[in-house]
Every structure is written in structure tokens, then in C-alpha cells.
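>>> Quick one, structure for this:
(chains A and B)
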Amino acid sequence: MFELGLKVYVARRSYGWLFLFLLTILLLFIGFFTLQLYMAIGDTILLISSLLILGVALFQIIVLANLPYMRYELNDEKLVIKCGFILKYVIPLSSIKRVVKRDLEISLWSSFRLPGLALFRVPYADVGVVKMCATSMSRGIILIETDRGLYGITPDNEEQFIADFHSRIRGKLL
Amino acid sequence: MRILPIVLTFMTLLPHFSFQNIQMSIPLYATFSLEDLAITFINLLKEGRFEDVVKLFNVEMAKVLPPQKLETVWNQLISNVGELKEIVGTRIAEEGGYRAIYVTCKFAKTKLDIKVVFDSEAKIAGLWFLAKESEGVHGIYIAALIATVISMLLWGGLVYWLSGSKWIYFALMLMNLPLSAIVNLYIKKPMYETLTSLLKVPPILDITSPWWFLLLIHFLPPISEEAIKLSPLIARRVRNIVNKSSALWMGMAFGMGFGIGEIWYLAWRISMMPEYAEYPFYYFGGFIGERIIAVFIHGVMTAIAVIRFMNGRGGLLVGYIWAVLFHAFANVGAMLYQIKVWDATIAMSYTIIVIIITMCLFEYLRKRELKYKKPKETVLFSRNSINEKS
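Sure, this is the predicted structure:
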């Protein structure tokens, strides 16, 4: 439905999808290879392993299909961060305390993070856990500090996004 | 092409000079019977008729290798390469005027060439067990290459990325590449041999070994390896580049360089073992995975010491002790597996715990390092400043 004053910003381009695609192909290969091994040997561990691997691969295929729909929707009340139907964060503008642009320090802990892509909750060594919906793993992230935690985005038209954000938040404050 | 001498003692017990004095070479007409003799000799070994085997030896050989000793050596070989299945073929060679018969034997796990050297009286004067000559590179070296490339990409890339794209850490890594071979061949091995002979303890570790000896041997690699990993700090030029923000990465580089060197040292050791001679590289998947992890763990251990070095030489000593303790802790699983207290599953589970602890430690060290790094950020909006203005 059309929403009054709504402005939609797309994420900046990256090759994150390519890394995810290659990783998915690799997982599919390993998963089917393990399945073949299970058929030959009959070890249940192999079956469980192959199903887990193929499950992860399937999830990645779903993410890949949703990546083109990464959006940041800004209206007078809230900022909605979306990636197709797999991810949606709603941030009321009144809850935003600070917005900065910075590089983040990645950590070793596992998360949905690849070169050129970061989704869901991602732990960083310097700022802690950030809810990411970005086409960069750590460089040039717009970090939004709110009452409910940190969010990381990478809008394509960054200057326009910030100007728009400023005008709306000032409108609410003044 | 490669010929891999098997680590079996009795062929080395019989050096070449033992039949250097033989004046007359075997006449050519004798070759057919020598092949038969070599096959007979091996069949007797297979049947366990060691008393009869020794009758085929010349005097010197019989002294060096009496029936009981021959039995021990043969059983040791069988435990490594499996039962002798069949004799595949023979070939004759004339080496330094003597007749050597190479008998290719198929064992349960691998193929070996048994080289039987005859003296002028058609008595066995020398014996070697050789890994079957094969085409191409040993599988373990391909596995070592894969482990090295993945370690460099994964851990080298991590250090490069997180340290702010600095190539100097790769140069520091190169410095430590030969240190694993040096510490193993010239420090650990002689120390181990000296300790076992001084303390009169059997050299093979098992559950029956005295606990204090096991403890001593358990701490030998941590003490020696952690010390040698820090040896580049002896150079003033290297010391001069250590600071609060570089210490972590320098330590990682030293440890990872050592770890990559260790991959090749171990590959070389494994290539000597006949039971692995015919394994293709993909049989060494466990080796690849374990070594990749070990490279990272080595890096973190050394980083602990180098970070402490920022507190002066006393700090380096404290850091070294911490690194030794952590190294010893990480090796517990391998040690208990070696003395057959833990099975492979428990040892593997322990390794997973060690990996998680190492990752936590790395993250802790990084957080300390990040304290000295001021983040470059552009403030685009701040509610406080807006409130102040309004």
C-alpha cells in the first residue's frame, strides 16, 4: 500500500552476492558428496552431516533470492530496514540517538558475514553486536545507535539518505 | 622419483663398510639363483622361521641380526605396514660390484621394495626395506601445500586485514619458517634422548611411564617452542617495531610462521613412514585440518608473550610463562591420546574446546589492542547536539 512521505533507498552495490553464490555452490557440492558417501557407506553421521550442509545451502539460496530486495524505507515516523521477506527491522526515528559512518572491526565469531555482505546479528570486536542489513562487511557502514541497540546499513545514495533523515528527524524534534 | 628408506634399525646397523672388503663380485651366472634365494629368504620371514633365515646370513650379518632381533624387527615392520600378502616381482642391480636383489612385496597397507644384498659366497650381507619407488610427489607434500595455502589465505589474510593492510607481518612470518625444524631436530630430539638415557626411562611413552617423566616430556615442546618462536625479538630492528598496536600482530606473525614451518617439518617426517607411502593427498584431510588450526593457535600463543613484552623484559618472561602454560594446556589431548588414556573422539572434543578458548583469547587480545586504536568515524547525527541547539 502506498505510504505518504515514504522514500525508499536501495543498498549500494557490492559483490557480496557473488561470494554467497560461490559459498552456496561449495556447500551444495560438499552436501551432495556427503550424501553420496552415505549412500555408499550407510553411516548415519554422514546422512545427518549432509542434511545439515544442504539445509544451510538452501537457506543461503533463499537469502540470495532476497538480496536484490535490500531496502531502507524512511518515512516521518520510522526507518524500516528490509531484505526481502527474510529480514525486517523497524526503527522509530524517536529512538535514534546517534548516526555515524565508520569502519567496523570484524571478529572471529560466526555470523552471516561475507566480503560485501552482512546480515542479521553480527558481532564486531569494537562495537559489539550490530543488526546488519548491509552490502559491506565492515567498511563504510552507517551505524545507527538506538535505545534498542545498533543497526548497520549501506544506502547507495548516502548523502541524500542522510539529508532526508536529518530533515525528517528535525521535523519531529522542532 | 623418490626412494624412502624405512625407519627400521637393522639396515642401518649394517653399514656399507661391512662388506667393503669383499674382493670378488658375484659372477653373472649366479643371478638367477640369487633371485630365488631372496624370495626364499622373504618367504622364511613370512613364515616366521627366523632361525632358518639367519642361516642365509653371512657371519657379520648373523652377528648384527640374531634370530630374536630379526623377529622383533620383522614384527615391528608388520605392525606398521600390515601382513605380507604377496611378492609382486624382483629386479637385479649391480651396485658397487655387488649383487642386490630388489624384491617388490605387497603388504596389507603398502608396497615395499626389500633390497637383499649378497656377498661373493651368495650369503646375505645387507638388507634394506625401501618404500616402493613411485611416480610423482608424496601425497603428504600435496596435503602440506594445501594446508599452507589455506593457512596463508585464512590466517595471513586475517592478520593483513585486521592489522590495517600491513605487509610487514608476512615478512616476520618468513623469519620463523625454519624454526620448527631447528627446534625439533637440534633441541627437542637431543633433549628427549638425553633425558631418557639420563633418567633411564624407556623412550616409548605409554601409561606405564613414570608420571613425572610424562610431565617433563609434556612440557618439553611448550618450553622449547615458545622460546624459539620469540627469537626474532633478539634483533634490535625487530624489537624497535613492537608497540602497543603492533604487538598482537607481530606475535601472531611469529607464531604463524613457526606453525607453517611445522607443517612442512611434519610432512617430511610423515613422508619417511612406509605405511603412508602410497596414500593419496586426500587421505591426509585430518592432517590438513589439524595443521590449519595449529597455525592459528601457535599465533595466539606467541602473541600472548609479545604483548607482555610491552611491559619490558620482565613482562616478556611473564608472557613467555603464560604462553608455555597455554601451549601445555593445548597439548593435553594429544598427550593423553598418545599414551592411550583418551581415545580419538575425546581427544578431538578436547581440541574443539582448545580452539574455542583460543578464539576467545584472540578476541580478548584484540579488544586490548583496539583500545590503542582511535576509530575514524564521521558523526552524521547526534540527538544530544540537536537538543543542545534547540
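>>> tell me which strands and helices the least confident helix or strand in chain A by mean pLDDT is in contact with?
Ranked by mean pLDDT, DSSP states H and E, the weakest helix or strand in chain A is helix A:158-173, scoring a mean of 84. Counting contacts by 3 or more C-beta pairs under 8 Å, 6 or more residues apart in numbering or on different chains; DSSP states H and E, helix A:158-173 is packed against strand A:7-10, strand A:70-74, strand A:96-102, strand A:141-146, strand B:377-382, helix B:383-389. For every residue, glycine as well, the C-beta is placed using N, CA and C.
>>> weakest of those in terms of mean pLDDT?
Sorting the helices and strands packed on helix A:158-173 by mean pLDDT places helix B:383-389 lowest, at a mean of 65.
>>> and the residue positioned nearest the centre of chain A, what element?
The centre of chain A sits closest to residue A:119, judged by C-alpha atoms, centre = their mean, with a distance of 2.3 Å. Counting by DSSP states H and E, the element that carries residue A:119 is strand A:117-124.
>>> pLDDT averaged over that strand - what is it?
Mean predicted lDDT for strand A:117-124 stands at 94.
>>> Check which element follows it along the chain.
Next along from strand A:117-124, by DSSP H and E: strand A:128-134.
>>> Show me which positions of that following strand end up buried.
A:130-134 (16 or more other C-beta atoms under 10 Å in any protein chain shown).
>>> same deal with stretch A:57-69?
So for stretch A:57-69, counting by 16+ other C-beta under 10 Å, buried means A:57, A:60, A:63, A:66-67.
>>> which one among those residues gets closest to residue B:91?
The shortest approach to residue B:91 among the buried residues of stretch A:57-69 belongs to residue A:57, at 52.1 Å (C-beta to C-beta).
>>> Could you find the closest non-adjacent residue to that closest one?
Nearest-residue entry for residue A:57: residue A:27, 4.0 Å, with adjacent residues in sequence omitted and distances by C-beta to C-beta, 6 or more residues apart in numbering or on different chains.
>>> which SSE is the one you found in?
Counting by DSSP H and E, residue A:27 is part of helix A:16-41.
>>> Return the distance of the residue nearest the centre of chain B relative to residue B:358.
Nearest to the mean C-alpha position of chain B, by C-alpha atoms, centre = their mean, lies residue B:266 at 2.5 Å. For residue B:266, the distance to residue B:358 (C-beta to C-beta, to the nearest Å) stands at 19 Å.
>>> Tell me which other helices or strands the helix or strand residue B:323 falls within touches.
Using DSSP H and E, residue B:323 falls within helix B:313-330. Applying 3+ C-beta pairs under 8 Å, 6+ apart, one finds that helix B:313-330 contacts helix B:211-229, helix B:285-308, helix B:344-370.
>>> May I see these organised as JSON lines, with distance to residue A:97 added?
Below are these laid out as JSON lines (distance: least, C-beta to C-beta, whole Å):
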{"stretch": "helix B:211-229", "distance to residue A:97": "46"}
{"stretch": "helix B:285-308", "distance to residue A:97": "34"}
{"stretch": "helix B:344-370", "distance to residue A:97": "22"}
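>>> Distance to residue B:45 and mean pLDDT for those - can I get that in a markdown table?
Formatted as a markdown table, these follow (distance: least, C-beta to C-beta, whole Å; pLDDT from 0 to 100):
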| stretch | distance to residue B:45 | mean pLDDT |
| --- | --- | --- |
| helix B:211-229 | 34 | 93 |
| helix B:285-308 | 32 | 93 |
| helix B:344-370 | 32 | 91 |
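>>> and the residue of chain B found nearest chain A, how many neighbours does it have?
Going by C-beta to the nearest C-beta, chain A is nearest to residue B:377 of chain B, at 3.6 Å. Neighbour count of residue B:377, defined by other C-beta atoms under 10 Å in any protein chain shown: 14.
>>> OK, contacts around the closest residue to it other than its chain neighbours?
Of all residues not flanking residue B:377 in the chain, residue A:102 sits nearest, at 3.6 Å (C-beta to C-beta, 6+ apart). Neighbouring residues of residue A:102 by C-beta atoms under 8 Å, 6 or more residues apart in numbering or on different chains: A:141, A:143, B:375-378.
>>> Name the residues of the lengthiest strand in chain B that come out as buried.
Secondary structure of chain B per DSSP state E: the longest strand is strand B:84-95. Neighbour counts using 16+ other C-beta under 10 Å place B:84, B:87, B:90 of strand B:84-95 among the buried residues.
>>> Could you do stretch B:253-269 as well?
In stretch B:253-269, the ones that count as buried by 16+ other C-beta under 10 Å are B:253-267.
>>> Among these, which ones are in helices?
Among the buried residues of stretch B:253-269, the residues falling in helices (DSSP state H) are B:253-267.
>>> Just want the residue of chain A that's nearest chain B.
residue A:102 (3.6 Å).
>>> Show me what that residue bridges to in the sheet.
Here residue A:102 sits in beta bridges with residue A:141, residue B:377, going by DSSP bridges.
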